[in-house]
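1. using only what follows, build the 3D model:
(2 chains)
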Amino acid sequence: MTALRARAPHAGLALLIAVFAVFFVLPFAGLLERGIGGSGTWDAITSDTALDALVLSLWTSAVALLIAVVAGTPVAYWLTHARFPGKGAVEALIDLPIVLPPTIAGVALLTAFGRKGLLGAPLDDWFGLTLGFSTAAVIMAQLFVGAPFYVRAARAGFGSVDAQYERVAHTLGASRLRAFARIVLPLSWPSLAAGAALCWARALGELGATLIFAGNLQGETQTMPLAILSAFERADGLTAAVALAILLLAVALVALAAFWLLSTRGRGTP
Amino acid sequence: MSLRVAAAGALAVAALGLGACGDGEEPTETITVFAAASLTEAFGELAEAFEEEHPGVTVRLSFAGSATLRTQVLEGAPADVFASASPDEVAALDAAGLVVEERALATNTLVIATGQDGIETFEELTLPGLRLMLAAEDVPAGRYARESLALAGTDFAVRVLANVRSNEANVRATLAKVELGEADAAIVYASDLRLADAGIRAIAIPERFQVAAEYRIALLAESDAARAFVAFATSPQGMATLARHGFTAVGVTP
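-> Purely as a prediction, here's the structure:
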């Protein structure tokens, strides 16, 4: 009886895990089932639309990641060590885009940087600079939704480094920058790489904010998610949409594997 | 004691209420109507009037670009009625054997929507640097707009298309970009401008370059309520509603 009782939850747990796994695996199986062997899959993958969208997606998301790392690293480091009133509010503000539905992020970007936006209107009036519906808008949308993931992970990474190490480095005469580069960076490397991967993946998959703030124009603002959405709307579009989705999935898998390698190889010891 | 009385009373009232529900032998049925984005207000009003005339029937409405709706239905979305801004989408469903019957619903004309300090004529669509937005090529409004431009000549069409800043998913999203000030101009349906901001002006497209948008309504399920809705939409009352929203009504049922 006792044995049975002990085992029963395990069977239930196993079932739960199996159902959960099927739930996540089945959609990918569905994509592959539709895509592989479907006539037109190869044509869709090698089409101009797909190539333009893939190239645009890759370079814009790379730029967004670069900006997130360059600007986000100091912010995360500062937030880890600074003590000031309202710090919690600042941290919450940085996390806000994570919980914001992407379409709302798009509307928010428009109200700030659009032609009638807070900053967008003077930029347009004084310099004739229009940000909305341009490639710059694509990168801005990706940065807005992706960067918080990097900053969050970097903060956690920096926070896990024992402050003692840094202090010892200072007493031994190392400059702050040198201490950061030689001690903090190697120790928090896995967190930074994981955060960068999340940030990049989120930027690559960005649809809602891009659709609203950057629009949909092949070669200029039509990223892969937008190309997939556009394909879905075509008369025989499902094949093309599925094909592009598989292509994007494959690229994302390769990139995530690279991030993973980066995070394990780059790990150091002080 | 008084509490008990109150509780008993409440129970009695609840029982009465339940009884009333059971006695009225009204059939309760829900029909799902998929309609083109441009029909949003007209069909909202139609559905309300239909529900009033057919107690017990609830109309669920889903609006999107006709192309999106077509793909959704092809993928098994449970629509009973499909109102499309173009015959092409209905034909696609018909080819898949999903259409029970279909008929003409209305027509719509194209106009240029522009802001207060925007362009003045159809020809000005070629102005270099003009920020133009169209519905995507695969969306009826976008298809009609490109047909209209082609009627004005290949060279003209190429110059106008060079000004396109975005291919939007449906005609309402296209118009919204003019309202937001992101687009200097957009080609939309005349009916869409009935509801646009006061700051939006309509520039007529010359008659010889006009392409009449042809709306069709299709019955997708063997349901009496759905059949009744199609009949209602194409009845004189339905036509009057569509006309009030800027459509040219055509499909009057005898």
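
2. got phi/psi on the spatially closest residue to B:Arg146 that is not a sequence neighbour?
-> Setting aside the residues directly before and after it, B:Arg146 is nearest to B:Glu137 in space (Cβ to Cβ, 6 or more residues apart in numbering or on different chains), at 6.3 Å. No exception for glycine: its C-beta is placed from N, CA and C like everyone else's. Main-chain torsions, B:Glu137, degrees, to the nearest 10: phi -60, psi -30.

3. separation between B:Glu137 and A:Tyr77?
-> For B:Glu137, the distance to A:Tyr77 (Cβ to Cβ, to the nearest Å) stands at 48 Å.

4. write down the beta-bridge partners of the residue in the stretch 101-250 of chain B that chain A sits nearest to, one by one.
-> Taking Cβ to the nearest Cβ, chain A has its nearest neighbour within the stretch 101-250 of chain B at B:Ser166, 2.8 Å off. In this entry, B:Ser166 is beta-bridged to B:Met133, by DSSP bridges.

5. residue contacts, it?
-> Residues near B:Ser166 by Cβ atoms under 8 Å, 6 or more residues apart in numbering or on different chains: A:Phe133, A:Ala214, A:Gly215, A:Asn216, A:Leu217, A:Thr221, B:Met133, B:Leu134, B:Lys177, B:Ala183.

6. those in helices, which ones?
-> Judged by DSSP state H, these include B:Lys177 as members of helices.

7. and which of the contacts of B:Ser166 is nearest B:Ser38?
-> Nearest to B:Ser38, judged by Cβ to Cβ, of these is B:Leu134 at 14.2 Å.

8. per-residue confidence for the closest one?
-> Listed pLDDT for B:Leu134 reads 96.

9. show me which residues of the stretch 1-150 of chain B sit near chain A.
-> B:65, B:67-68, B:70-71, B:74-75, B:88, B:92, B:131, B:133, B:136, B:138-139 (Cβ under 8 Å from any Cβ of the partner chain).

10. residues from the stretch 1-150 of chain A in reach of chain B?
-> Within the stretch 1-150 of chain A, the positions lying close to chain B (Cβ under 8 Å from any Cβ) are A:Leu110, A:Gly114, A:Arg115, A:Lys116, A:Thr130, A:Gly132, A:Phe133.

11. just the buried ones from those residues?
-> Among the residues of the stretch 1-150 of chain A next to chain B, those classed as buried by 16 or more other Cβ atoms under 10 Å in any protein chain shown are A:Leu110, A:Gly114, A:Arg115, A:Thr130, A:Gly132, A:Phe133.

12. with pLDDT as extra columns, can I get those residues in CSV?
-> Shown next, in CSV, are these (pLDDT from 0 to 100):
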residue, pLDDT
A:Leu110, 92
A:Gly114, 92
A:Arg115, 90
A:Thr130, 89
A:Gly132, 91
A:Phe133, 91
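
13. how about the strands in the stretch 51-200 of chain B?
-> Assigned by DSSP state E, counting those that start in this stretch, the stretch 51-200 of chain B shows strands spanning B:57-64, B:81-84, B:101-108, B:110-114, B:132-135, B:164-168, B:185-189.

14. what stretches of the stretch 151-254 of chain B score poorly on pLDDT?
-> For the stretch 151-254 of chain B, the stretches flagged by pLDDT under 70 are B:251-254.

15. can you pull the residues of it lying near chain A?
-> Taking Cβ under 8 Å from any Cβ as the criterion, the neighbours of chain A within the stretch 151-254 of chain B are B:Val164, B:Arg165, B:Ser166, B:Asn167, B:Glu168, B:Ala169, B:Lys177, B:Leu180, B:Gly181, B:Glu182.

16. OK, contacts around the last one?
-> To tie it back to what came earlier, the one meant is B:Glu182. B:Glu182 touches A:Leu110, A:Gly114, A:Arg115, A:Gly132, A:Phe133, A:Gly215, B:Arg131, B:Met133, B:Arg165, counting by Cβ under 8 Å, 6+ apart.

17. for the second one, same thing?
-> For B:Arg165, the residues meeting the contact criterion (Cβ under 8 Å, 6+ apart) are A:Phe133, A:Gly215, A:Leu217, B:Arg131, B:Leu132, B:Met133, B:Glu182, B:Ala183.

18. what separation do you get for it and B:Leu105?
-> 32 Å.

19. would you mark the buried spots in stretch B:78-85?
-> Per 16+ other Cβ under 10 Å, stretch B:78-85 contains these buried residues: B:Ala79, B:Asp80, B:Val81, B:Phe82, B:Ala83, B:Ser84, B:Ala85.

20. that should have said stretch B:47-62, apologies.
-> In stretch B:47-62, counting by 16+ other Cβ under 10 Å, buried: B:Ala47, B:Phe50, B:His54, B:Val57, B:Val59, B:Leu61.

21. what's the mean pLDDT across it?
-> Stretch B:47-62 comes out at a mean pLDDT of 94.

22. pLDDT score for the closest residue to chain B within the stretch 101-250 of chain A?
-> Residue nearest to chain B within the stretch 101-250 of chain A: A:Gly215 (2.8 Å; Cβ to the nearest Cβ). We have a pLDDT of 91 for A:Gly215.

23. equivalent analysis for A:Ile36, please.
-> pLDDT, A:Ile36: 82.

24. so how many other residues sit close to it?
-> 11 (other Cβ atoms under 10 Å in any protein chain shown).

25. how much space between it and B:Val188?
-> For A:Ile36 relative to B:Val188 (Cβ to Cβ), the value is 40 Å.

26. any regions of the stretch 151-270 of chain A where pLDDT drops low?
-> For the stretch 151-270 of chain A, the ranges with pLDDT under 70 are A:235-236, A:266-270.

27. leaving out the residues flanking it, which one is nearest to the residue of the stretch 101-250 of chain A closest to chain B?
-> In space, A:Gly215 is closest to B:Ser166, 2.8 Å off (Cβ to Cβ, 6+ apart).

28. for A:Arg115, list the residues it contacts.
-> Neighbour list for A:Arg115: A:Ala121, A:Asp124, A:Thr130, A:Gly132, B:Leu180, B:Gly181, B:Glu182 [criterion: Cβ under 8 Å, 6+ apart].

29. how about 7 Å then?
-> A:Ala121, A:Asp124, A:Thr130, A:Gly132, B:Gly181, B:Glu182 (Cβ atoms under 7 Å, 6 or more residues apart in numbering or on different chains).

30. what's the pLDDT at B:Val100?
-> pLDDT, B:Val100: 96.

31. who are the contact partners of it?
-> B:Val100 touches B:Leu219, B:Leu220, B:Ala221, B:Glu222, counting by Cβ under 7 Å, 6+ apart.

32. and the first one, what are its bridge partners?
-> Beta-bridge pairing of B:Leu219 under DSSP bridges involves B:Val81, B:Glu101.

33. quick check: it touching B:Val230?
-> Yes: here B:Leu219 lies in contact with B:Val230, judged by Cβ atoms under 7 Å, at a distance of 5.0 Å.

34. the two: which is more packed in?
-> B:Val230 (27 against 19).

35. where along the stretch 51-200 of chain A do the strands fall?
-> Counting by DSSP E, counting those that start in this stretch, the stretch 51-200 of chain A contains no strands.

36. from B:Leu69, how far out is B:Ala37?
-> From B:Ala37 to B:Leu69 the distance is 9 Å (Cβ to Cβ).

37. for chain A, what is the nearest residue in the stretch 1-150 of chain B?
-> Taking Cβ to the nearest Cβ, the stretch 1-150 of chain B has B:Ala67 as its residue nearest chain A, at 4.1 Å.

38. how many residues are close by that residue?
-> Quick note: B:Ala67 (other Cβ under 10 Å) scores 31 neighbours.

39. now do the SS call for the one residue sitting closest to the centre of chain B.
-> The centroid of chain B falls nearest to B:Leu39 when counting by Cα atoms, centre = their mean (2.3 Å). Of the three states, B:Leu39 takes helix under DSSP: H, G, I helix; E, B strand; the rest coil.

40. OK, contacts around B:Arg159?
-> B:Thr126 are the contacts of B:Arg159 under Cβ under 7 Å, 6+ apart.
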